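Trainee: Here is a sequence together with a model predicted from it:
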Amino acid sequence: MVKYLIFLLCWITFSVSAQNSTVKRAQGSFDDAQQYLRQNIYDEGIKHLDEAVKADPKFQLAYIQLGDVYRRLKNHSKAIENYRKAIAAAATIEARIYYALGESELLSGLYDKAKADFLLFQKNYTGAEPDLINKTKKYIKDCDFSMVAIQSPSKYEPINMGFYINSPNRDYFPALTADNQTIIFTRVVDKNEDFFISTKKDNEWQKAQPLSNVINTPNFNEGAQSISPDGKYLFFTGCNRPDTYGRCDIYVSRKEGNEWGKPINLGKIINSEYWDSQPSISPDGSTLYFVSNRPGGIGGYDIWKSNLTDEGQWTEPVNLGPTINTPYDENTPFMHADGKTLYFSSDGWPGFGNKDIFYSRIKDDGQFTTPVNLGYPINTFNEEVGLIVTADGTEGLFSSNIKDGGFGDLDIYRFKLPEQVKPLPVTYVKGIVRDRETKALLEANVMVIDLKTHAAVFNDYTSKETGDFLAVMPIGSNYSFDVEADGYLFNSQHFELNTVNEKPYEVEILLDKIKVGSNVTLHNIFFDTNKFELLPNSMVELNILIELLQNNANISIEIQGHTDNVGDVKLNEKLSENRAKAVYDFLINNGIEKRRLSFKGYGETKPRSANATEEGRKLNRRTEFMVTKIATN
């Protein structure tokens, strides 16, 4: 728009010298308008320009300037009206009028007319401004895309989130936990951006309350937030704070029990002297996506990412590159709980004229796929930004000023997501950790490992105050699940997630204190059928067992092998013994003293379940260990 206003000044210089025949009253009103427009007093400027064209209906420059002002004010219908009058007012037409008219038509959804005017601009323009030429080519692609896309609309019925979430103020940038039980969003109150929170009770949202005085401030703006799937970490944008490195920086706060901790600036590696905002944290907490206009990008605002090292340090941010970013602007990234699907807004990829919402997926080689426009009518000629998607992939949430049924000038809405733009399926395990005997809540480390990639999808601590956790698990893999706490034996579970409709798991983890006779089933020790060589996926749990023995050097254990009742009794006993010995040998080879270990095969003599079903037999095929001795000093 700034460049186009420079064009306008050129026209003014030319036109004033050529308009001697213009009635003095029209020229006077035009000159008066300039005084107001230079000060951005648009209402008065428009008033005087209207007087000019009323006095001289052929005053082309006044029509052009009216079109420009209305275009700047995003009143595109009035801009179109005046640009068309400018074209009709004189035989000589500056080619850039067609560009301006085409842009307003594009941003009004008049794609066929817009394309025709962009083509007229291309035909008649004799200048050599690359930005204008390239933008015209991009706009023609937008028109071609839009005229096809609107022929195949998706069902789209946005529903207002209601008065417990929305208010007469501006409510926007929603963020949801994976269980869809907590929403945090930004609200403007008395020109100050703060966070508000609502939780569900009996499946109904409760009245939103300010999030926390530790995070919300009376003097600075907080917004553009991303919450971890378990609701324990809030990444957000803070602007103009005393500890910022630029105009806006990214911060993180961790929920400590029931309270939020003091926000921490992510430091100079993430934040710069430029604009750094709109964070989105990956579900495993290892990758932070954000928007910045720092040098080294492709467009004005690009999406960048940084990874968290094992030492807890963020790596130097990397631009997502031309697969995601364009010479124009990308913003509001949202990495879904599947850890693969990135939703974001862009005005660079082919779309409906303004910023549209796209999605792209991370391939097995770590690269992103070509972005896909979410289509019509999710995207329109208006600006669409800030979409998030529920963990189950069924709904999208966004903010809009849709008037019907709204409570303020921006409300939060939800809608059913079309099948073709849904993320990959996920589920989650949600639970609480307690002492088995006292039922006291425990501070415990919960770790969930994808056994295909050996990558942690969750690795965090519960708090003594709440003991709760929530770990997201994408469908299509197997997961080891282990819970550890000081002074306790760990809890081991295994999740095989092969079907799309896996329901979330809700568990209560009861940990046993370390004492003689306590035992643990090692659900993530694996052997091939009728064999006793440890499979590679067993290493995750074996290393946890080694850590337990290293941290509790006074305990001795017996490793126990068990089978189902299929096959010969003696062969089953021998197989179970060999499997127990395989674990025994592994522990010794990794530094555990032989005197602390023993092993035994029990065959089919100690079943956990009836052998009548495959599920029962599967429970009976297991490896365990039991504490046999606790040495005293």
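Mentor: That came through, no problem.

Trainee: Could you verify my assumption that Leu470 touches Val429?
Mentor: Yes - under the criterion of CB atoms under 8 Å, Leu470 is in contact with Val429, at a separation of 7.5 Å. Where you see a C-beta, it was placed from the backbone N, CA and C, and this is true even at glycine.

Trainee: Spatially nearest residue to Leu497 (excluding sequence neighbours)?
Mentor: Among residues not flanking Leu497 along the chain, Ile475 sits closest, at 4.9 Å (CB to CB, 6 or more residues apart in numbering).

Trainee: wait, what's in contact with that neighbour?
Mentor: Taking CB atoms under 8 Å, 6 or more residues apart in numbering, we find Ile475 in contact with Leu424, Pro425, Val426, Thr427, Leu497, Asn498, Thr499, Val500, Glu502.

Trainee: what pLDDT does the second one get?
Mentor: Per-residue confidence at Pro425 stands at 96 (pLDDT).

Trainee: So what does it have for phi and psi?
Mentor: Per-residue torsions, Pro425: phi -70, psi 140 (degrees, to the nearest 10).

Trainee: distance of it from Leu266?
Mentor: Distance, Pro425 to Leu266, by CB to CB, to the nearest Å: 31 Å.

Trainee: higher neighbour count, the two?
Mentor: Neighbour count, other CB atoms under 10 Å: between Pro425 and Leu266, Leu266 has more, with 20 against 17.

Trainee: Do I have it right that the more buried one meets Tyr245?
Mentor: No - using CB under 8 Å, Leu266 makes no contact with Tyr245, being 9.8 Å away.

Trainee: Ignoring the adjacent residues along the chain, who's closest to Val421?
Mentor: Spatially, and ignoring its direct neighbours in sequence, Val421 is nearest to Leu374 (5.0 Å; CB to CB, 6+ apart).

Trainee: which one of the contacts of Ile475 is nearest Ala128?
Mentor: Lowest distance from Ala128 to the contacts of Ile475 (CB to CB) belongs to Leu424, with 46.7 Å.

Trainee: Quick one: low-confidence residue ranges for this protein.
Mentor: The model of the chain has pLDDT under 70 over residues 1-22, 403-405, 633.

Trainee: can you give me the helices in it?
Mentor: 2-18, 24-37, 42-55, 60-72, 76-89, 96-106, 111-124, 130-149, 539-551, 569-589, 614-620 (DSSP state H).

Trainee: Show me what the fourth one is packed against.
Mentor: In this case it means helix 60-72. With contacts defined as 3 or more CB pairs under 8 Å, 6 or more residues apart in numbering; DSSP states H and E, the packing partners of helix 60-72 are helix 2-18, helix 24-37, helix 42-55, helix 76-89, helix 96-106.

Trainee: The same query, at a cut-off of 7 Å, please.
Mentor: Applying 3 or more CB pairs under 7 Å, 6 or more residues apart in numbering; DSSP states H and E, we find helix 60-72 packed against helix 2-18, helix 42-55, helix 76-89, helix 96-106.

Trainee: Stretch 265-274 spans what distance, first to last residue?
Mentor: By CA to CA, to the nearest Å, the extent of stretch 265-274 from end to end equals 15 Å.

Trainee: May I see the buried residues of it?
Mentor: Residues Asn265, Leu266, Ile270, Asn271, Ser272, Tyr274 are the ones in stretch 265-274 that count as buried (16 or more other CB atoms under 10 Å).

Trainee: List the contacts of the fourth one.
Mentor: With CB atoms under 7 Å, 6 or more residues apart in numbering as the criterion, the residues that contact Asn271 are Tyr245, Gly246, Asp249, Ile250, Asn265.

Trainee: Between those, which sits nearest Glu577?
Mentor: Using CB to CB, Ile250 comes nearest to Glu577 of those, at 55.8 Å.

Trainee: Could you report the separation of the residue nearest to Val385 when sequence neighbours are not counted from Gln367?
Mentor: What sits nearest to Val385 in space, not counting adjacent residues and going by CB to CB, 6+ apart, is Ser345, at 4.2 Å. Between Ser345 and Gln367 the computed distance is 21 Å (CB to CB).

Trainee: re earlier: any idea which of the helices of the chain gets closest to Ile378?
Mentor: helix 130-149 (10.5 Å).

Trainee: For the closest one, list the C-alpha coordinates in PDB.
Mentor: Taking C-alpha atoms only, helix 130-149 is exported to PDB below (Å, rounded to 0.1, in the frame of the first residue of the first chain):
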ATOM      1  CA  PRO A 130       9.600  -6.200 -10.100                       C
ATOM      2  CA  ASP A 131       7.500  -6.200  -6.900                       C
ATOM      3  CA  LEU A 132       4.400  -4.900  -8.800                       C
ATOM      4  CA  ILE A 133       5.000  -7.300 -11.700                       C
ATOM      5  CA  ASN A 134       5.500 -10.300  -9.500                       C
ATOM      6  CA  LYS A 135       2.600  -9.500  -7.300                       C
ATOM      7  CA  THR A 136       0.300  -9.300 -10.300                       C
ATOM      8  CA  LYS A 137       1.500 -12.800 -11.400                       C
ATOM      9  CA  LYS A 138       0.700 -14.100  -7.900                       C
ATOM     10  CA  TYR A 139      -2.700 -12.400  -7.900                       C
ATOM     11  CA  ILE A 140      -3.600 -14.000 -11.300                       C
ATOM     12  CA  LYS A 141      -2.700 -17.400  -9.800                       C
ATOM     13  CA  ASP A 142      -5.000 -16.600  -6.900                       C
ATOM     14  CA  CYS A 143      -7.800 -15.800  -9.200                       C
ATOM     15  CA  ASP A 144      -7.300 -19.100 -11.200                       C
ATOM     16  CA  PHE A 145      -7.100 -21.100  -7.900                       C
ATOM     17  CA  SER A 146     -10.200 -19.400  -6.400                       C
ATOM     18  CA  MET A 147     -12.500 -19.800  -9.400                       C
ATOM     19  CA  VAL A 148     -11.900 -23.500  -9.300                       C
ATOM     20  CA  ALA A 149     -11.900 -24.000  -5.500                       C
END
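
Trainee: Mind listing residues that contact that helix?
Mentor: With contacts defined as CB under 7 Å, 6+ apart, helix 130-149 is touched by 3, 99, 102-103, 106, 111-112, 114-115, 118, 121-122, 350-353, 373, 375-376.

Trainee: Mark which of those are buried, thanks.
Mentor: Using 16+ other CB under 10 Å as the burial test, the contacts of helix 130-149 include 99, 102-103, 106, 111, 114-115, 118, 121-122, 350-353, 373, 375-376 as buried.

Trainee: May I have the residues that are in contact with Phe490?
Mentor: Asp482, Val483, Glu484, Val520, Ile544, Leu548.

Trainee: Now a PyMOL select for only the buried ones of the residues you listed.
Mentor: Buried residues within the contacts of Phe490, by 16+ other CB under 10 Å, are selected in PyMOL with:
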select buried, resi 482+483+484+520+544+548
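
Trainee: hang on, Asp302 packs against Val318?
Mentor: No - between Asp302 and Val318 there is no contact under CB atoms under 7 Å: 10.6 Å.

Trainee: Out of the two, name the residue with the larger neighbour count.
Mentor: Using other CB under 10 Å as the criterion, Asp302 and Val318 rank with Asp302 on top: 25 against 11.

Trainee: what bridges to the more buried one?
Mentor: Under DSSP bridges, the beta-bridge partners of Asp302 are Ser292.

Trainee: Number the residues from 17 up from this point.
Mentor: Done: numbering now begins at 17, and the last item shifts to Asp318.

Trainee: contacting residues around the most centrally placed residue in the chain?
Mentor: Nearest residue to the geometric centre of the chain (CA atoms, centre = their mean): Phe350, 2.2 Å. Going by CB under 7 Å, 6+ apart, Phe350 touches Ser296, Tyr359, Phe360, Leu403, Ile404, Val405.

Trainee: Of those residues, which qualify as buried by neighbour count?
Mentor: So, by 16+ other CB under 10 Å, the buried ones in the contacts of Phe350 are Ser296, Tyr359, Phe360, Leu403, Ile404, Val405.
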